[in-house]
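[1] got a predicted model here, sequence first, then my questions.
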Number of protein chains: 2
Amino acid sequence: MKMELKHAILGLLSIRPLSGYDLSRAFAGTVAHFWHADRSQIYRTLDRLSAAGAITTEVIPQDGKPDRKVHSLTDVGREMLTEWLSSPVEADQPKEPFLARLFFAAPIGREGVERLFDERDRQVNESLAELASITIEADDLTARLQKATLRNGLLHAEAEREWLRETRQLLGIVEPPQNPEERP
Amino acid sequence: MKMELKHAILGLLSIRPLSGYDLSRAFAGTVAHFWHADRSQIYRTLDRLSAAGAITTEVIPQDGKPDRKVHSLTDVGREMLTEWLSSPVEADQPKEPFLARLFFAAPIGREGVERLFDERDRQVNESLAELASITIEADDLTARLQKATLRNGLLHAEAEREWLRETRQLLGIVEPPQNPEERP
DNA sequence: CACACATAGATGATCATGCACCTATATGTG
DNA sequence: CACATATAGGTGCATGATCATCTATGTGTG
């Protein structure tokens, strides 16, 4: 089943009603390690979900700030969600810019590769920090599934770190800088 | 820098000249763990690379089989490649259909989650088998980088397996089937 | 006081991607 | 003999995704 963003939004709204802006923050935070969407796409998808009768929208005026349009699932939306959850999982179609570069990096030589590794170190450390900052309090099925997903991200981030260490040695590349504070 | 497919193709052609069909097999095999592209997209990108003067094309007639159009890098193409390799690595924008489903899987309950795990087991085992079947003979920088990339895929696949085992326990889900041979 | 940023929603243009389908021929399988 | 698959190239269409930009207001920073 395609059109994943649609389903990711249905999923997020099944946890609690959210505005488009809230959704974009979720895609930048809680679910960032397994899905991505920018705001323009979110608003358009919300339009389509609304047209399909999957969500209802309540406008909540705020003072000082712009109005919020808070979207909730309808029965139709809930059905769409479970139908998606019950359908076969599609194959991954991985797009990993770092590995793509590394694979073809011979023309930029060892120094170039070293730069790639330094950049990757930073990326991994950042995403690890972001993942570590997420906390889930509850302990029902929903919360446990979220924790499991989070742990998946953490394990892969750690695996990536380990691989970086190992591969740096293997390629005879110097160790990563210990104090990356001092950059102009 | 965007338009990764363009650069992935330049990278593959920097290793050796290939036809569009060859490229599609590479995307289904050697580089499948970090990039994906379907054939229609490959042919279109080749057209654009050709128009940009990055590749030249030689038509090689074959008997019994259709003609091959074998593409090679030009100096312009090589320059485009090194420029890309030298540019900053863009952030990952992960799309992981399995994790997306798991995160929102509460409505389908434990049985549903169990099904998701079984499917994931199969996916991981398949991609692990594919990765394990790839062998790289040489030992120059190009080959070492390819081996490193391959090892990255293997490590993550193993990490995923480990996570599956651990998470099954945590969620109190029965162990995966030991003999998945007998499927109709 | 200028500027950036967070909040909140959105549009237009463009590019990338995926899916279905088409042309050919040779070989393999039920 | 029908059908599927591999080889090799490709088109057309619809959707998905990205980028820049717009409208407002309040708050914080140099």
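    Received it, and whenever you're ready, just let me know what you need. Numbering: from 1, shown residues only, chains lettered A, B, ... in the order given.

[2] let's see the strand or helix carrying residue A:99 as CSV, backbone CA atoms only.
    Residue A:99 is part of helix A:97-103 when elements are defined by DSSP states H and E. C-alpha atoms of helix A:97-103 as CSV (Å, rounded to 0.1, in the frame of the first residue of the first chain):
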residue,chain,number,x,y,z
PRO,A,97,23.2,9.6,1.1
PHE,A,98,26.2,8.9,3.3
LEU,A,99,26.7,5.4,2.2
ALA,A,100,26.1,6.4,-1.4
ARG,A,101,28.9,8.9,-1.2
LEU,A,102,31.2,6.5,0.6
PHE,A,103,30.7,3.7,-1.9
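
[3] hmm, that helix in reach of chain B?
    Yes: legend: contact between helix A:97-103 and chain B by Cβ under 8 Å from any Cβ of the partner chain is shown at A:97, A:98, A:99, A:100, A:101, A:102, A:103. (Glycine included, C-beta is placed from N, CA and C.)

[4] buried subset of those residues, written for ChimeraX?
    Those of these that meet the burial criterion (16 or more other Cβ atoms under 10 Å in any protein chain shown) are gathered into one ChimeraX selection, given here:
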select /A:97,98,99,100,101,102,103
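
[5] which of the residues of helix A:97-103 next to chain B lies closest to chain B?
    Of all those, the one with the least separation from chain B (Cβ to the nearest Cβ) is residue A:99, at 3.7 Å.

[6] so what's the closest one closest to, chain neighbours aside?
    Taking Cβ to Cβ, 6 or more residues apart in numbering or on different chains, and ignoring the residues beside it in sequence, residue A:99 has residue B:34 as its nearest neighbour in space, at 3.7 Å.

[7] put together a markdown table for the residues of helix A:97-103 next to chain B, with pLDDT and distance to DNA strand D on each row.
    Shown next, in a markdown table, are the residues of helix A:97-103 next to chain B (pLDDT from 0 to 100; distance: Cβ to the nearest atom of the strand, whole Å):
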| residue | pLDDT | distance to DNA strand D |
| --- | --- | --- |
| A:97 | 95 | 11 |
| A:98 | 96 | 16 |
| A:99 | 97 | 17 |
| A:100 | 96 | 15 |
| A:101 | 96 | 17 |
| A:102 | 97 | 21 |
| A:103 | 97 | 21 |
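
[8] mind listing what residue A:63 touches?
    Taking Cβ atoms under 8 Å, 6 or more residues apart in numbering or on different chains as the contact definition, residue A:63 lies against nothing.

[9] quick check: it vs DNA strand D, distance?
    With distances taken as Cβ to the nearest atom of the strand, to the nearest Å, residue A:63 is found 8 Å from DNA strand D.

[10] for residue A:153, same thing?
    Residue A:153 sits 19 Å away from DNA strand D, going by Cβ to the nearest atom of the strand.

[11] repeat for residue A:6
    The span separating residue A:6 from DNA strand D equals 6 Å under the rule Cβ to the nearest atom of the strand.

[12] pretty sure that residue contacts residue A:51?
    No: under the criterion of Cβ atoms under 8 Å, residue A:6 is not in contact with residue A:51, lying 11.7 Å apart.
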